[in-house]
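[1] Compute the structure for the input listed below.
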Amino acid sequence: MNQSSISEFILLGFSVSEDKRLYLFTVFLLIYILTFVANLLIIILVYANIHLHNPMYLLLSNFSFLEICYTAVTVPKMLSDLLGQSQTISVAGCITQYHFFSLCAATEHFLLVVMAYDRYVAICHPLHYGGIMSNTFCMQLIATCWSVSAVSLTIPALSVAKLHFCGPNTIDHFFCEFNPLLKLSCTDTYIAQYIFNCLSWIIILGCLICIAISYAKIISTVIKIPSSHGKRKAFSTCTSHLTVVGIFYGTVIFIYLRPTVDVPFHQNKIVSVFYIVVTPMLNPIIYSFKNESLRKAASNVTDRILMKPY
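    This is a model prediction of the structure:
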């Protein structure tokens, strides 16, 4: 049978009326602006304050940079589709969006592991923290997170790039994700699906297990601290990271660690909105409220701006 290749996809996005589209656009735009400003502020505070030039805040600033990239890959296109009449995206653009989204998602898993390891060293081996988690070693770990993510996604990326699409060309989602792309391919996708599933289980569960081991050792160490004040102080340095981990993995596991090719994709939209749009906005807020040093740094910057002579 002769098959003609398609050149673009149609992203169905959100099936709502025009007035509700404008409402969603306004809400998501405000969230996106807040996400960008809040994460950028953390990066600026860490860079500008010499007292924050340590591994914990270097990791946090890189995490904020990652959140900015994470949302920039998907949200602008989603906003454009909410306003525009045409909700199309080229095949090449769709695959590119998938590649960068996957890179940011995988890097976030690895970075959360490194952040958990940093807290483990700080609490379980405080006397050796400076020697183990130097700024140089921290930057090497961050570079490793990005590198391992890029390398591990090479095979799935090549698998998606080789897919042939001949129609239909409608994606029941607001961005280009792996499983919707496979659903539209007219070539055999068994191997690509198998590789993606294996990689998802390895990365998601592997990183989650590493985080769980780190916090198991942290809890074991904190329990042995004699004073209640010492226990509260030790746990206070971990609560922000644990909250972020809980929110992030709760949504990711719901979507990815189950067979999804035969599941209606519209069922995942609400959860996808939460971890793509809402969570990156919550993370800097969580860290800011829980971290006294960040609050002091923000207060000092504000005071200097207000007291600056004109």
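[2] what about residue 206, how many neighbours?
    13 (other CB atoms under 10 Å). All C-beta spots, glycine's among them, are computed from the backbone N, C-alpha and C.
[3] downstream neighbour of the helix or strand containing it in the secondary structure list?
    Using DSSP states H and E, residue 206 sits within helix 190-223. Next along the chain after helix 190-223, taking DSSP H and E as the criterion, comes helix 228-236.
[4] Restricting to C-alpha, output the next helix or strand after that following helix in PDB.
    Counting by DSSP H and E, the next helix or strand C-terminal to helix 228-236 is helix 239-256. Extracted C-alpha coordinates of helix 239-256, given in PDB (Å, rounded to 0.1, in the frame of the first residue of the first chain):
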ATOM      1  CA  THR A 239      12.300  18.900  54.300                       C
ATOM      2  CA  SER A 240      12.400  21.100  51.200                       C
ATOM      3  CA  HIS A 241      14.200  18.500  49.100                       C
ATOM      4  CA  LEU A 242      11.900  15.700  50.400                       C
ATOM      5  CA  THR A 243       8.800  17.800  49.500                       C
ATOM      6  CA  VAL A 244      10.000  18.400  46.000                       C
ATOM      7  CA  VAL A 245      10.900  14.700  45.600                       C
ATOM      8  CA  GLY A 246       7.500  13.600  46.800                       C
ATOM      9  CA  ILE A 247       5.600  15.900  44.400                       C
ATOM     10  CA  PHE A 248       7.900  15.100  41.400                       C
ATOM     11  CA  TYR A 249       8.000  11.300  41.800                       C
ATOM     12  CA  GLY A 250       4.300  11.100  42.700                       C
ATOM     13  CA  THR A 251       3.300  12.500  39.300                       C
ATOM     14  CA  VAL A 252       6.100  10.900  37.200                       C
ATOM     15  CA  ILE A 253       5.400   7.400  38.500                       C
ATOM     16  CA  PHE A 254       1.700   7.800  37.800                       C
ATOM     17  CA  ILE A 255       2.400   8.600  34.200                       C
ATOM     18  CA  TYR A 256       5.400   6.600  33.200                       C
END
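[5] what does helix 239-256 rub up against?
    Residues outside helix 239-256 that contact it (CB atoms under 8 Å, 6 or more residues apart in numbering): 105, 108, 112, 115-116, 119, 200, 204, 208, 211, 215, 268, 271-272, 274-275, 279, 282-283, 286-287, 290-291.
[6] in it, what's buried?
    With burial defined by 16 or more other CB atoms under 10 Å, the residues of helix 239-256 counted as buried are 240-245, 247-249, 251-252, 255-256.
[7] re the thing from before, now for the helix holding residue 206, which elements pack on it?
    Other elements packing on helix 190-223 under the criterion 3 or more CB pairs under 8 Å, 6 or more residues apart in numbering; DSSP states H and E are helix 91-124, helix 154-161, helix 178-184, helix 228-236, helix 239-256.
[8] quick one: which of the buried residues of helix 239-256 is nearest to residue 58?
    Comparing the buried residues of helix 239-256 against residue 58 with CB to CB places residue 241 closest, at 14.3 Å.
[9] quick one, helices of the stretch 1-150 of the chain?
    18-48, 55-83, 91-124, 129-132, 135-152 (DSSP state H, counting those that start in this stretch).
[10] Just the residues contacting the shortest one, thanks.
    Residues from elsewhere that reach helix 129-132 (CB under 8 Å, 6+ apart): 121-122, 125.
[11] at 6 Å instead, please
    Where contact means CB atoms under 6 Å, 6 or more residues apart in numbering, the residues beyond helix 129-132 that reach it are 121-122.
[12] For residue 70, report the pLDDT, please.
    For residue 70, the pLDDT comes out at 88.
[13] ok, now how distant is it from residue 100?
    Separation of residue 70 from residue 100 (CB to CB, to the nearest Å) stands at 9 Å.
[14] With neighbour numbers in mind, choose between those two.
    Using other CB under 10 Å as the criterion, residue 70 and residue 100 rank with residue 70 on top: 23 against 14.
[15] so can I have JSON lines of the buried residues of helix 239-256 showing distance to residue 27 and pLDDT?
    Shown next, in JSON lines, are the buried residues of helix 239-256 (distance: CB to CB, whole Å; pLDDT from 0 to 100):
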{"residue": "240", "distance to residue 27": "25", "pLDDT": "81"}
{"residue": "241", "distance to residue 27": "28", "pLDDT": "81"}
{"residue": "242", "distance to residue 27": "28", "pLDDT": "84"}
{"residue": "243", "distance to residue 27": "23", "pLDDT": "85"}
{"residue": "244", "distance to residue 27": "22", "pLDDT": "86"}
{"residue": "245", "distance to residue 27": "26", "pLDDT": "87"}
{"residue": "247", "distance to residue 27": "19", "pLDDT": "84"}
{"residue": "248", "distance to residue 27": "21", "pLDDT": "85"}
{"residue": "249", "distance to residue 27": "25", "pLDDT": "86"}
{"residue": "251", "distance to residue 27": "19", "pLDDT": "81"}
{"residue": "252", "distance to residue 27": "23", "pLDDT": "81"}
{"residue": "255", "distance to residue 27": "22", "pLDDT": "74"}
{"residue": "256", "distance to residue 27": "26", "pLDDT": "69"}
